[in-house]
Structures are given as structure tokens and as C-alpha cells.
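**Student:** give me the fold of what follows.
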Amino acid sequence: MEMRMGMGRTTAGRVPRAAAAGALVVALLGTASCTGTVPSGAAASGSAPASSSSGAPASAPAIAPTAAPARVPDTLRFTGTTLAGTAFDAAQLAGRPVVLWFWAPWCATCASQAWTVAEIAPRYRDTVPIVGVAGLGERRAMQEFVTEFDLAGTPQIEDRAGALWRRFKVTEQSIFVIIDRDGKVVHQGFLDGEALTARVAALAGA
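**Tutor:** Next up is the predicted model:
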């Protein structure tokens with residue numbers, strides 16, 4: 001009888017201790033939760049909280065629309081090869097005013113105009129392209145002309161066969177053919193350096 005009572009006292013004494021230990025664990029978990037150690041909203045199974053993102057940017061930047069290509073007028077439907085040996089397609093100039101300069105390597109008048117072309121062509125490259133069309137001479141002489149007058153930064157088409165000269169009905173040098181942004185020839189003839197600069201500046205500001 002006493003043995004049972006002793007066991008009963010021992011068991012009874014352990015119950016409060018177990019309850020106290022359980023309470024302590026709960027308290028510790030509660031403290032950890034407040035300090036952010038356990039992610040708030042986490043599932044009881046320990047799985048990570050569901051992401052609020054679908055994986056794509058919330059707002060992707062809009063793609064700027066591609067500008068529609070300009071209509072290519074008949075006056076710019078020609079191709080060629082530059083004195084540097086690269087292919088040239090005049091269609092790429094559509095939508096802008098263009099100046100075609102027909103010159104020959106032995107022409108003294110062309111030489112006097114070359115300095116002006118070399119000066120202003122880089123300045124207006126994106127607004128009013130100036131394209132040389134070399135004819136009535138040998139390729140080597142044309143290349144020497146380009147080098148002498150520092151024209152390498154401007155497209156110079158080799159036209160020894162005269163195909164472009166005939167296309168634009170050019171029968172002498174030096175001739176400037178000015179084509180407006182709609183593809184209409186608005187000037188064909190001689191221009192000195194001052195006049196050429198004024199015409200190109202006006203076209204760039206139009």
C-alpha cells in the first residue's frame with residue numbers, strides 16, 4: 001500500500017514538471033516568432049511562403065514602335081559600288097534630302113568644290129547626305145582625288161561606265177543634283193562652294 005502511494009506521489013510530482021516544460025517550449029517558440037526567426041505566415045509543415053510574384057517583372061518597359069520605312073522614290077532606286085569597294089544602295093537615303101555630286105578626277109572646277117564638300121558633308125551626314133559620283137576617269141585617278149581632298153568620309157560611287165551620269169542626264173562636270181525628301185529633283189547644275197553650303201543648310205533646316 002505504501003509502495004503504491006509512493007509511486008502515486010512520484011507520478012503526481014512529475015505531471016506539473018512536464019506541464020511546466022511544455023509551457024516553456026511554447027513561450028520560447030512565441031518569442032522566436034516575434035523576432036522574425038520563423039517567417040510569418042509560414043505553413044505548419046515548414047514549407048516556404050508562397051511568392052507573390054509570377055516570375056515576370058511587374059511592369060515590363062514598353063518597346064518603342066519601329067518607324068515605318070520611308071517610301072523609296074524612283075530617283076533613289078539605284079545601287080553602285082564606292083571607290084572604297086563597298087556596296088551602296090541609294091534606297092537607304094529615302095525620306096531625306098540628298099545631294100549627288102558628279103565629278104571627274106582631272107576637273108579643276110571639281111577640285112575647287114571638293115574642299116567645300118569635304119568640309120560640310122560630315123556635318124550634314126544624317127540630315128542631308130552628300131554622295132559623290134565619280135566618272136570620266138580611271139579608278140586610280142579617282143582614288144587619288146579622294147585622298148588628296150580628304151573625301152574618304154563621304155560615299156564616292158565609282159561610275160566609270162557612266163550609268164548614273166546617263167540616268168540623271170548629266171553630260172558635264174561638275175554638276176550637283178539636289179533631291180528633296182519627297183524624291184523630286186529641285187536643282188541640277190553648277191554650284192560654287194558658298195551656294196552649295198547655303199542650299200544644304202536650308203535643306204537641313206526644312
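
**Student:** skipping adjacent residues, who's closest to Thr197 in space?
**Tutor:** Of all residues not flanking Thr197 in the chain, Ile120 sits nearest, at 5.7 Å (C-beta to C-beta, 6 or more residues apart in numbering). Just so you know, the C-beta spots here come from the backbone N, C-alpha and C atoms, and that holds for glycine as well.

**Student:** list the contacts for the one you found?
**Tutor:** If a contact means C-beta atoms under 8 Å, 6 or more residues apart in numbering, then Ile120 has 130, 196-197, 200 as its contacts.

**Student:** export these to CSV and tack on pLDDT, distance to Arg181 and secondary structure?
**Tutor:** CSV is the format used below for the contacts of Ile120 (pLDDT from 0 to 100; distance: C-beta to C-beta, whole Å; DSSP: H, G, I helix; E, B strand; the rest coil):
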residue, pLDDT, distance to Arg181, secondary structure
Ile130, 98, 15, strand
Leu196, 97, 18, helix
Thr197, 97, 19, helix
Val200, 97, 13, helix
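
**Student:** in those, find the pair that's most separated.
**Tutor:** The distance between the two most remote of the contacts of Ile120 (C-beta to C-beta) is 11.0 Å, for Ile130 and Thr197.

**Student:** look at the two and report which has more neighbours.
**Tutor:** Per other C-beta atoms under 10 Å, whichever of Ile130 and Thr197 has more neighbours is Ile130, with 24 against 17.

**Student:** check contacts around the more buried one.
**Tutor:** Applying C-beta under 8 Å, 6+ apart to Ile130 gives the contacts 98-99, 101, 117, 120-121, 124, 154, 200.

**Student:** quick one: strands adjacent to whatever helix or strand Gln188 lives in?
**Tutor:** Here Gln188 is covered by strand 185-189, with elements defined by DSSP states H and E. Strand 185-189 has the following strand partners under DSSP bridges: strand 175-179 (antiparallel).

**Student:** go through the partner strand and flag the buried ones.
**Tutor:** Buried residues in strand 175-179, defined by neighbour count with 16 or more other C-beta atoms under 10 Å: 175-179.

**Student:** right, and the helix or strand after the worst-scoring helix or strand of the chain on mean pLDDT?
**Tutor:** Using mean pLDDT, DSSP states H and E, helix 2-34 stands out as the lowest-scoring helix or strand of the chain, at a mean of 38. Sequence-wise, the next helix or strand downstream of helix 2-34 (DSSP H and E) is strand 79-81.

**Student:** I appreciate the help and will end here.
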